[in-house]
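Engineer: give me a model of this one.
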Amino acid sequence: MTDPDLLASLAAAVQARPDDLTLRLHLAELLLAVDRQDDALAHLSAALAQDPADERTRALMRRALSGPETASDDPDAEPVWDGSSTAAAGSDSAGRDEVDWGAYESELRAVAPRFGTAGGHDDAADRAFDVEPSAVRLADVGGMVEVKQRLELAFLAPLRNPKLRRLYSKSLRGGLLLYGPPGCGKTFLAKALAGELGAGFLSVSAADVLDRWLGSSERNVHEVFRSARRHAPCVVFLDEVDALAVRRSKAGGAMRATVNQLLAELDGLESDNDGVFVLAATNAPWDVDTALRRPGRLDRMALVLPPDEPAREAILGYHLRGRPIADIDLGRLVAATDGFSGADLAHLCQSAAEYAMHDSLERGVARMIGPADFDRALREVRPSTGPWLEAARNTVLFANSGGEYDELAGYLKRRRLL
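Structural biologist: Presented below is the predicted three-dimensional model:
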């Protein structure tokens with residue numbers, strides 16, 4: 001009989017030296033001798049993962065799969081295989097040396113639909129995430145001076161000055177979390193950063209990653225970063241990251257596994273993330289798992305606010321370009337659209353154009369888009385940022401003990417909302 005203390009000591013030794021194949025196999029053999037097949041199988045599975053071709057490991061695995069050993073008067077005798085083992089091994093004498101892996105694969109296929117490998121999910125349909133070039137530059141972004149400075153400090157300046165980066169030991173690890181009201185240009189900023197870096201752009205939303213099949217969401221997250229590493233330099237843009245990395249305390253088991261996978265990819269545990277720059281965007285940073293904002297991950301935050309006056313002028317000018325306009329006072333429009341998001345401004349120009357077109361159809365004569373069309377549009381198109389600002393106000397009042405939303409608090413105070 002093998003001493004239990006010896007087994008415990010060997011188990012501790014294997015835990016300390018997990019790559020010592022000889023030690024692990026010796027422990028597995030002793031465990032089989034005392035009919036502890038389950039414990040032996042765990043060690044043999046680890047050994048097979050380390051060296052699938054090792055004959056001693058395969059032989060011990062066959063013994064373990066055969067079930068408890070039959071007692072023998074000769075302690076040195078070879079293990080006896082009983083008739084119950086024929087489900088896993090061939091019925092003839094030669095078959096006893098080979099496990100019928102096909103039988104096990106058939107059993108696994110029977111339960112595979114639970115794990116997303118069959119019955120509705122086709123592995124052949126898996127796709128690589130598309131990495132595209134970006135022709136946008138930061139000069140194309142109207143206003144947002146503070147956000148541009150943050151991008152310059154976090155990404156662009158260290159890359160342009162490698163000698164200074166080495167002098168100051170400036171790490172390129174970590175990413176940037178862009179937050180603010182919807183429709184204020186967070187995606188456009190990410191594209192502009194990719195353009196400035198001369199890097200590829202990979203945009204991903206929760207809908208691209210989350211999957212109902214167990215394990216598929218984690219695999220999709222891994223594939224996102226694998227594609228980015230393969231096309232480095234690359235900017236990975238995680239849109240609506242609050243849906244992808246919701247607080248694990250509020251998430252179910254499958255969602256927590258997805259968040260854990262995202263954290264592992266950001267840490268670069270399996271691969272080097274050199275040349276992979278991560279930006280994420282959210283309208284609700286207070287819903288993002290706090291672990292995502294730890295050092296080395298999305299450890300910097302930048303508030304993307306509704307466009308200021310120079311930005312509104314640039315956005316309105318862009319959306320009016322190519323349209324037939326007459327007597328439009330752009331300065332008046334800029335003053336009248338305080339608090340509008342970029343998407344609101346685009347909608348305003350579209351609405352004014354629709355009014356002019358509808359009037360032209362009724363009259364039968366095409367006319368220019370004039371001030372009256374914008375006056376009418378302004379009566380109907382209102383800023384969409386109000387609900388977000390109210391939610392942000394509550395966060396600043398009741399959930400800013402760490403000071404992470406001080407920049408947001410300053411903006412709300414300037415607008416007399418706090």
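Engineer: so where is this structure shaky, pLDDT-wise?
Structural biologist: Applying pLDDT under 70 to the chain picks out residues 1-2, 49, 52, 65-128, 252, 269-271.
Engineer: cutoff 50 now
Structural biologist: Along the chain, the parts satisfying pLDDT under 50 run over 69-97, 108-126.
Engineer: and Arg367, which of the three is it?
Structural biologist: Of the three states, Arg367 takes coil under DSSP: H, G, I helix; E, B strand; the rest coil.
Engineer: correction: Phe201
Structural biologist: strand.
Engineer: tell me if I'm right that it and Phe129 touch.
Structural biologist: No. Applying C-beta atoms under 8 Å as the test, Phe201 and Phe129 come out as separate, 11.1 Å apart. Any C-beta I mention is one placed from the backbone N, CA and C, and that applies to glycine too.
Engineer: quick one: which of the two has more around it?
Structural biologist: Each of Phe201 and Phe129 has its neighbours counted (other C-beta atoms under 10 Å); Phe201 has more, 26 against 18.
Engineer: please name the bridge partners of the more buried one.
Structural biologist: In this entry, Phe201 is beta-bridged to Glu132, Val235, by DSSP bridges.
Engineer: residue contacts, it?
Structural biologist: Contact analysis of Phe201 by C-beta atoms under 8 Å, 6 or more residues apart in numbering lists 131-134, 190-191, 194, 234-235, 237.
Engineer: mind doing that once more with 10 Å?
Structural biologist: Going by C-beta atoms under 10 Å, 6 or more residues apart in numbering, Phe201 touches 130-136, 187, 190-195, 228, 231, 234-237, 279.
Engineer: same question, Leu316
Structural biologist: 142, 307, 328, 330, 333-334, 337, 340, 342, 345-346, 348-349, 374.
Engineer: same thing but 8 Å
Structural biologist: Counting by C-beta under 8 Å, 6+ apart, Leu316 has contacts 330, 333-334, 337, 345, 348-349.
Engineer: can you classify it by secondary structure?
Structural biologist: helix.
Engineer: distance check, it against Arg56.
Structural biologist: To Arg56, Leu316 is 75 Å away according to C-beta to C-beta, to the nearest Å.
Engineer: buried ones among the contacts of Phe201?
Structural biologist: 131, 134, 136, 187, 190-195, 228, 231, 234-237, 279 (16 or more other C-beta atoms under 10 Å).
Engineer: among those residues, which are located in strands?
Structural biologist: Those of the buried ones among the contacts of Phe201 mapping onto strands are 234-237, 279, per DSSP state E.
Engineer: adding distance to Ala154, write those out as JSON lines.
Structural biologist: JSON lines is the format used below for these (distance: C-beta to C-beta, whole Å):
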{"residue": "Cys234", "distance to Ala154": "16"}
{"residue": "Val235", "distance to Ala154": "12"}
{"residue": "Val236", "distance to Ala154": "15"}
{"residue": "Phe237", "distance to Ala154": "15"}
{"residue": "Leu279", "distance to Ala154": "10"}
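Engineer: Leu348 sits in which helix or strand?
Structural biologist: Per DSSP states H and E, Leu348 falls inside helix 342-363.
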